[in-house]
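Q: Sharing a model that was predicted from the sequence below.
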Amino acid sequence: MGLDLATAPISALGLIAGFGVAVASGSRALGGVVLACCGLLCIAIWLRRDGRRIAARLTAVGLLAFALSHVLGLVIGAWPAVLLAALATATACWRLSDVHRPGARAGG
């Protein structure tokens with residue numbers, strides 16, 4: 001598994017695709033599988049690249065964003081809430097992990 005993989009897009013994809021699969025299939029469990037696969041991939045990368053502390057922090061961010069998206073969805077709608085959760089999670093992934101990856105370039 002490459003340590004130069006950016007986890008920001010993987011984490012965002014997990015939230016967005018997981019919700020999309022759940023809606024399209026009518027199966028929350030199937031959406032959860034998509035979300036879990038992306039989350040586990042991110043965790044594996046963080047553990048190898050950044051260590052347990054960062055992996056735990058980013059896992060907590062992802063879980064919190066997932067939970068808060070449900071509450072926020074009641075206020076602004078499900079898709080906007082999922083997109084905001086994905087953005088927040090991806091931003092945290094970039095700032096705490098991806099910017100330090102071997103393949104990252106200065107300025108982006």
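A: That came through fine.

Q: Please count neighbours and contacts with C-alpha atoms only from this point.
A: Noted.

Q: The residue nearest the centre of the chain and Leu40, how far apart?
A: By CA atoms, centre = their mean, the chain has its centre lying nearest to Ser11, at 2.3 Å. For Ser11, the distance to Leu40 equals 10 Å [CA to CA, to the nearest Å].

Q: Please give me every residue in contact with the nearest residue to Phe19 once chain neighbours are set aside.
A: Distances taken as CA to CA, 6 or more residues apart in numbering put Gly31 closest to Phe19, at 5.7 Å, once the chain neighbours are dropped. Residues near Gly31 by CA atoms under 8 Å, 6 or more residues apart in numbering: Ala17, Gly18, Phe19, Gly20, Val21, Ala22, Val23.

Q: ok, now Arg57?
A: No contacts exist for Arg57 under CA under 8 Å, 6+ apart.

Q: What does the pLDDT read for it?
A: Among the per-residue scores, Arg57 shows a pLDDT of 98.

Q: Distance of it relative to Leu40?
A: 14 Å.

Q: Helices along the protein, start to end?
A: Per DSSP state H, the chain carries helices over the ranges 7-25, 28-49, 52-76, 78-96.

Q: Make a markdown table from those helices and add distance to Ala104 to it.
A: As requested, the helices of the chain are exported to a markdown table (distance: least, CA to CA, whole Å):
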| stretch | distance to Ala104 |
| --- | --- |
| helix 7-25 | 12 |
| helix 28-49 | 13 |
| helix 52-76 | 17 |
| helix 78-96 | 10 |
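
Q: which one of those lies closest to Pro102?
A: Pro102 lies closest to helix 28-49 among the helices of the chain, at 9.1 Å (CA to CA).

Q: got the angle between the closest one and helix 78-96?
A: For helix 28-49 against helix 78-96, the angle by axes from the mean of the first three to the mean of the last three CA atoms, to 10 degrees is 10 degrees.

Q: Return the distance of helix 28-49 from the chain's centre.
A: Its chain's C-alpha centre and that of helix 28-49 lie 8 Å apart, by CA atoms, centre = their mean, to the nearest Å.
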